[in-house]
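*Asks:* next one to model:
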Amino acid sequence: MLALAGAGILAFGSACTERATSSDFDPKNPQPTAESAPKPPVVEAREPDSVAYTDGGVAPEISSVSFFANTRGMHLQDLRGKYVLLQIFTLNADSIANRKLIGRYNEMYKALRTRGNFQFLSVLTGTDIRAPKALLGRANLLQISFPVALDADGSAATAYKAASLPATYLIDPEGKIIFTRAGAGGTDYTENAVRQKLNLPLIPERD
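*Replies:* Take a look at the predicted model:
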């Protein structure tokens with residue numbers, strides 16, 4: 001009897017296991033299938049926090065600039081009809097971070113400078129460089145190839161309300177700011193923003 005009872009228990013357990021794995025185990029509460037299982041919520045992509053699209057305000061003229069390196073003097077008013085990538089940055093020390101940033105600026109300038117409807121301009125501000133000779137020396141030391149304007153008193157950062165440096169601004173052909181970006185990262189993202197406006201192929205974003 002014990003043997004039969006044991007066999008009966010085993011048989012009953014086996015039947016329960018088979019029924020538990022069956023899709024019609026409980027008609028009132030069927031097990032979810034791959035088709036009926038709830039899908040995870042879709043997370044919409046958003047822009048990085050360091051990117052702030054503006055309302056199209058007119059870009060302020062940089063009147064405090066006193067000297068240019070790697071280019072003749074220029075004014076934003078004279079650049080109407082072009083996209084202008086304006087970067088306000090500082091170089092208080094010859095650091096690895098500075099060299100990396102300058103290297104990316106050089107790459108971007110080399111890739112885009114031949115476009116007739118685009119102008120690249122950087123403004124060096126709030127630094128220990130307060131004389132044209134010092135600016136040229138630092139530009140040569142860091143192998144800066146892009147146009148740089150010297151803004152010794154920091155008026156450019158104030159006019160553009162730059163909360164932190166470097167700060168990047170893309171200005172459209174009508175002289176209106178399209179977006180701003182704060183911080184040293186995201187240079188590939190910035191370049192792609194310009195490339196989209198110039199109808200150029202995008203590059204992989206590395207930073």
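*Asks:* the strands in this protein, which residues?
*Replies:* Across the chain, reading from the start of the chain, the strands by DSSP state E fall at 51-53, 67-69, 83-89, 118-125, 148-151, 167-171, 177-182.
*Asks:* any regions of this protein where pLDDT drops low?
*Replies:* Counting by pLDDT under 70, the low-confidence segments of the chain come to 1-56, 92-95, 126-131.
*Asks:* rerun that using 50 as the cut-off
*Replies:* 1-25, 32, 34-35, 37-53 (pLDDT under 50).
*Asks:* skipping adjacent residues, who's closest to Tyr169 in space?
*Replies:* When the adjacent residues along the chain are set aside, Tyr169 lies closest to Leu86, with 4.5 Å between them (CB to CB, 6 or more residues apart in numbering). For every residue, glycine as well, the C-beta is placed using N, CA and C.
*Asks:* typo on my end, it should be Leu165
*Replies:* Using CB to CB, 6+ apart and skipping the chain neighbours, the partner closest in space to Leu165 is Thr90 (4.9 Å).
*Asks:* can you tell me how far the one you found is from Val123?
*Replies:* Applying CB to CB, to the nearest Å, one obtains 10 Å for the distance of Thr90 from Val123.
*Asks:* same question, Tyr109
*Replies:* Between Tyr109 and Val123 the distance is 14 Å, computed by CB to CB.
*Asks:* follow-up on the earlier one: which residues touch the residue nearest to Tyr169?
*Replies:* Ala59, Leu76, Leu121, Ser122, Val123, Tyr160, Thr168, Tyr169, Leu170, Ile171 (CB atoms under 8 Å, 6 or more residues apart in numbering).
*Asks:* among the residues you listed, name the buried ones.
*Replies:* For those, a neighbour count by 16 or more other CB atoms under 10 Å gives the buried set as Ala59, Leu76, Leu121, Ser122, Val123, Tyr160, Thr168, Tyr169, Leu170, Ile171.
*Asks:* what's the local residue count around the residue lying closest to the fourth one once chain neighbours are set aside?
*Replies:* Translated: Ser122. Distance criterion CB to CB, 6+ apart; nearest residue to Ser122, sequence neighbours excluded, is Gln87 at 4.5 Å. The number of residues packed around Gln87, counting by other CB atoms under 10 Å, is 22.
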